[in-house]
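Colleague: coords please:
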Amino acid sequence: PTATGTFNYSIPLTGGCGSVNATGTITVTAVNTVSAASSTPTQCISTALTTSITHTTIGATGIGSATGLPTGVSAAFTSNTITISGTPAATGTFNYSIPLTGGCGSVSATGTITVPAANTATAASSNPTLCISTALTTSITHTTTGATGIGSATGLPAGVSATFANNTITISGTPTASGTFNYSIPLTGGCGNVNATGTITVTPANIAGTASSNPSLQVNTPLTNITIATTGATGISNDAVSGAGGLPAGVSATWAGNTINISGTPSASGIFSYSIPLTGGCGTVNATGTITVCSVLNTAGTASTSPTLVVNSALTPITISTTGATGIGTATGLPAGVTAAFASNTITISGSPSATGAFNYSIPLTGGCGTVNATGTITVIPACPIGKDTIWDIDNNSYKFVAIGTQCWTKENLRVRKYNDGTSILFDKTSGNTTFQGLDYGAHFIYEHDSTPITGNLAIYGYLYNWYAAKGIASPNSTTYKNICPSGWHIPTDSDWNKLVKFLDSGADTITHSANIVGGMLKSTLLWVAPNTGATNSSEFSALPGGFRGSGFQNIDATTFFWSSTDNAGTTRNRYLRSTGANMERNTDQKWRGGSLRCLKD
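Modeller: So this is what the prediction gives:
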């Protein structure tokens, strides 16, 4: 037969008598066929097949016993389809065969299921502790199953890496960072999320810091404790042993809290260069330093003089006697042009200072025993103009001057009518107050009584100036300051006045108006009304009672005030002298008021 189906046939007989047919049935069944598997999966053990495997069949009416399927997986037949499903419980490559039943022909459905083993990683072969910058002596290994490789390792110290071959992770290298490193290395391929883990401890290198001091002291004198900070180490050799490691007898070193502490009372003299080995930790390291123990301590006497001299003039040599020392170190605080030398236990200071100021010098003794400095003071005052005793302003007025401490002051009040660039200063000769009180730039006045000029006042006392003139503000709202003094001189600041006061009376209070003797030292003994308290003019400043301009002209022969150029939050600082007191007052005042001016050499 070439066609399938159920065939009921009828064959009629001929001849003879009667109409008779021969009948029967022939059934022709189709040949059995089966399709390839819908998939040939790789499936982790103990994990259900995500999608069942199917085979489509023709002809068969069922299936026989399947062979080769992994344990946990089975095949079922319905509607001409074989369905394979389940959860494999064994690993391997499974080539299965499922025979068709019914139909025609001996046919089996076949395919493959691969079940890899679950990933595993053994514990690390070691969890080592090693020194930084030292190679792992023996590599750390992890044996794996299932995996075909590794991902990026995390937590390994810098300088250490992991590789994979033949189911083994190998960790090797030279750590360049210290600490406790808990690493994790993910397996790749195979089944399951599994990481190989372990710990590498890297100890830092031993370090010993610098000794807190390298002292010199007298024998049998307690040592001020020396400390040395350490890292890495867990102790020192010969802890608390007197004289160990090169220390002088009677002195020992102890270790606690990462610090070496050296203490005791040396009973022998000499220069002791000690070396104390650190123990534990990594590396051979010693803490070192020097202790000098001598029988006689260094001393430095008092300077033979504390001179005051003019800049660029030769210093009469200053001498300082010493004991114990064998020399001197670098002197600090000496004025430029002055040096110190050592010979026969004596320091000699000489030269010509080229800078002004009060110089508090310090000269360290070297050799011998003990940290001792020779100290003293040299005061260098500025040179007032050499070869003359007078200066001139732009109006050709002359002024005498005097050195007071390190400053050079004019001895007369200013009488100039122009700034030193030639710009005129407003002259206010009004008798009322409205005009000059409203000014915000420089102006000058002659002291008057009841608006009647007293021409002699100008020659004796100079002009009175408002603060704007002292500051050099030549026009309204100007922010450019001119100089009212001769070139090379300036109106003193509040600090300049304080310096003058402190030179004349070191105990004077320059902040408040406390009583002092400075006013008497500055006031002339002439022209002041009685009692002219304390007036000696010992400074040769020669202050005269020129009065001032406030709501009117006031107090000529009894009072004067001098401006500073300092602005103090909208008011200004000045200095008052009165016939009734020996002090100099530091006051604030309104900028429009009229006072006297003195110039100070730059």
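Colleague: hey, which helix is longest across this protein?
Modeller: helix 494-504 (DSSP state H).
Colleague: quick one: the helix or strand that comes right after that helix to chain centroid distance?
Modeller: Counting by DSSP states H and E, the element after helix 494-504 in chain order, helix or strand, is helix 518-522. Averaging C-alpha positions (CA atoms, centre = their mean, to the nearest Å) puts helix 518-522 50 Å from its chain's average.
Colleague: list the contacts of helix 518-522.
Modeller: For helix 518-522, the surrounding residues in contact (CB atoms under 8 Å, 6 or more residues apart in numbering) are 500-501, 504-505, 508, 533-539, 541, 543, 577-578, 581-585. Placement of C-beta: from N, CA and C, glycine included.
Colleague: report the buried members of the residues you listed.
Modeller: For the contacts of helix 518-522, a burial check counting by 16 or more other CB atoms under 10 Å picks out 500-501, 504-505, 508, 534-535, 537, 539, 541, 543, 577-578, 581-585.
Colleague: in helices only, show me those residues.
Modeller: Using DSSP H, the buried ones among the contacts of helix 518-522 in helices are L500, V501, L504.
Colleague: okay, these in a markdown table with distance to S172 and pLDDT next?
Modeller: Putting these into a markdown table (distance: CB to CB, whole Å; pLDDT from 0 to 100) gives the following:
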| residue | distance to S172 | pLDDT |
| --- | --- | --- |
| L500 | 79 | 92 |
| V501 | 79 | 93 |
| L504 | 82 | 92 |
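Colleague: same list (these) but as CSV, adding distance to A336.
Modeller: Below are these laid out as CSV (distance: CB to CB, whole Å):
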residue, distance to A336
L500, 24
V501, 27
L504, 27
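Colleague: output the below-cut-off pLDDT ranges for the stretch 351-500 of the chain.
Modeller: 383, 386-387, 429-434, 449-455 (pLDDT under 70).
Colleague: that older thread, starting at the chain centroid, how far to the longest helix of the chain?
Modeller: Relative to its parent chain, helix 494-504 has a centroid offset of 39 Å by CA atoms, centre = their mean.
Colleague: which parts of it are buried?
Modeller: Buried residues in helix 494-504, counting neighbours by 16+ other CB under 10 Å, are found at D494, D496, W497, N498, K499, L500, V501, K502, F503, L504.
Colleague: next one: stretch 417-427
Modeller: Per 16+ other CB under 10 Å, stretch 417-427 contains these buried residues: R417, Y419, N420, I425, L426.
Colleague: next one: stretch 135-150
Modeller: Using 16+ other CB under 10 Å, the residues of stretch 135-150 that count as buried are L136, S139, I140, T141, H142, T144, T145, G146, A147, I150.
Colleague: so what does the helix or strand hosting T588 touch, helix or strand wise?
Modeller: Using DSSP H and E, T588 falls within strand 585-589. Counting contacts by 3 or more CB pairs under 8 Å, 6 or more residues apart in numbering; DSSP states H and E, strand 585-589 packs against helix 494-504, strand 559-568, strand 571-578.
Colleague: make TSV out of those and add distance to I271.
Modeller: Shown next, in TSV, are the helices and strands packed on strand 585-589 (distance: least, CB to CB, whole Å):
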stretch	distance to I271
helix 494-504	46
strand 559-568	56
strand 571-578	58
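Colleague: closest to T110 out of the ones you listed?
Modeller: Of all these, strand 559-568 sits nearest to T110, with 107.0 Å by CB to CB.
Colleague: kindly calculate the angle that the closest one makes with helix 494-504.
Modeller: Angle, strand 559-568 to helix 494-504, by axes from the mean of the first three to the mean of the last three CA atoms, to 10 degrees: 130 degrees.
Colleague: starting at the chain centroid, how far to strand 559-568?
Modeller: Distance of strand 559-568 from its chain centroid, counting by CA atoms, centre = their mean, is 44 Å.
Colleague: what lies in contact with that strand?
Modeller: Residues from elsewhere that reach strand 559-568, judged by CB under 8 Å, 6+ apart: 461, 465, 467, 470-472, 490-497, 543-548, 572-579, 587-589, 595-598.
Colleague: the stretch 151-300 of the chain: strands as residue ranges?
Modeller: Taking DSSP state E, counting those that start in this stretch, the strands of the stretch 151-300 of the chain run over residues 160-165, 168-173, 179-188, 195-203, 207-208, 216-218, 226-231, 235-236, 251-256, 259-264, 270-279, 286-294, 299-300.
Colleague: which stretch in those has the least confidence?
Modeller: Of all those, mean pLDDT reaches its minimum on strand 216-218 (a mean of 84).
Colleague: and it, which strands flank it?
Modeller: Next to strand 216-218 in the sheet, as set by DSSP bridges, lie strand 286-294 (parallel).
Colleague: pull the CA atoms of the strand it pairs with into PDB?
Modeller: Presented in PDB, the C-alpha positions along strand 286-294 are these (Å, rounded to 0.1, in the frame of the first residue of the first chain):
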ATOM      1  CA  ASN A 286      67.000  51.500  65.800                       C
ATOM      2  CA  ALA A 287      65.900  54.700  67.700                       C
ATOM      3  CA  THR A 288      68.900  57.000  68.000                       C
ATOM      4  CA  GLY A 289      70.000  60.200  69.600                       C
ATOM      5  CA  THR A 290      72.700  61.900  71.700                       C
ATOM      6  CA  ILE A 291      73.000  62.800  75.300                       C
ATOM      7  CA  THR A 292      75.900  65.000  76.400                       C
ATOM      8  CA  VAL A 293      76.800  64.700  80.100                       C
ATOM      9  CA  CYS A 294      79.500  67.000  81.400                       C
END
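Colleague: ok, which of the helices and strands packed on strand 585-589 comes nearest P486?
Modeller: P486 lies closest, by CB to CB, to one member of those: strand 559-568, at 15.3 Å.
Colleague: pLDDT of the closest one, averaged?
Modeller: Average pLDDT, strand 559-568: 93.
Colleague: for stretch 15-33, same thing?
Modeller: 87.
Colleague: before we move on, back to that, which single one of the ones in helices among the buried ones among the contacts of helix 518-522 is nearest to P335?
Modeller: Taking these together and measuring to P335 by CB to CB, the closest member is L500, at 20.6 Å.
Colleague: give the contact list for the closest one.
Modeller: Contact analysis of L500 by CB under 8 Å, 6+ apart lists I404, G405, Q407, W409, P492, V518.
Colleague: how far away is it from G105?
Modeller: Taking CB to CB, to the nearest Å as the measure, L500 falls 131 Å from G105.
Colleague: A470 should be in a helix, yeah?
Modeller: Yes - counting by DSSP: H, G, I helix; E, B strand; the rest coil, A470 is part of a helix.
Colleague: thought it was touching I491?
Modeller: Yes - assessed by CB atoms under 8 Å, A470 is found in contact with I491 at 4.9 Å.
Colleague: wait, S306 sits on T375?
Modeller: No - applying CB under 8 Å as the test, S306 and T375 come out as separate, 10.3 Å apart.
Colleague: and K471, how many neighbours?
Modeller: 23 (other CB atoms under 10 Å).
Colleague: likewise G92?
Modeller: With other CB under 10 Å as criterion, G92 counts 13.
Colleague: contacting residues around the nearest residue to it once chain neighbours are set aside?
Modeller: Of all residues not flanking G92 in the chain, V115 sits nearest, at 6.0 Å (CB to CB, 6 or more residues apart in numbering). Applying CB under 8 Å, 6+ apart to V115 gives the contacts T42, Q43, C44, I45, P70, P88, A90, T91, G92, T93, F94.
Colleague: ok, back up a step: so the longest helix of the chain versus strand 585-589, what angle?
Modeller: 170 degrees.
Colleague: using CSV, write out every CA atom in helix 494-504.
Modeller: Below are the C-alpha coordinates for helix 494-504, written out as CSV (Å, rounded to 0.1, in the frame of the first residue of the first chain):
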residue,chain,number,x,y,z
ASP,A,494,49.2,106.9,66.4
SER,A,495,51.8,104.1,66.6
ASP,A,496,54.6,106.6,66.1
TRP,A,497,53.4,108.7,69.0
ASN,A,498,53.1,105.5,71.1
LYS,A,499,56.7,104.7,70.3
LEU,A,500,57.8,108.1,71.5
VAL,A,501,55.9,107.8,74.7
LYS,A,502,57.2,104.3,75.5
PHE,A,503,60.8,105.4,74.8
LEU,A,504,60.5,108.3,77.3
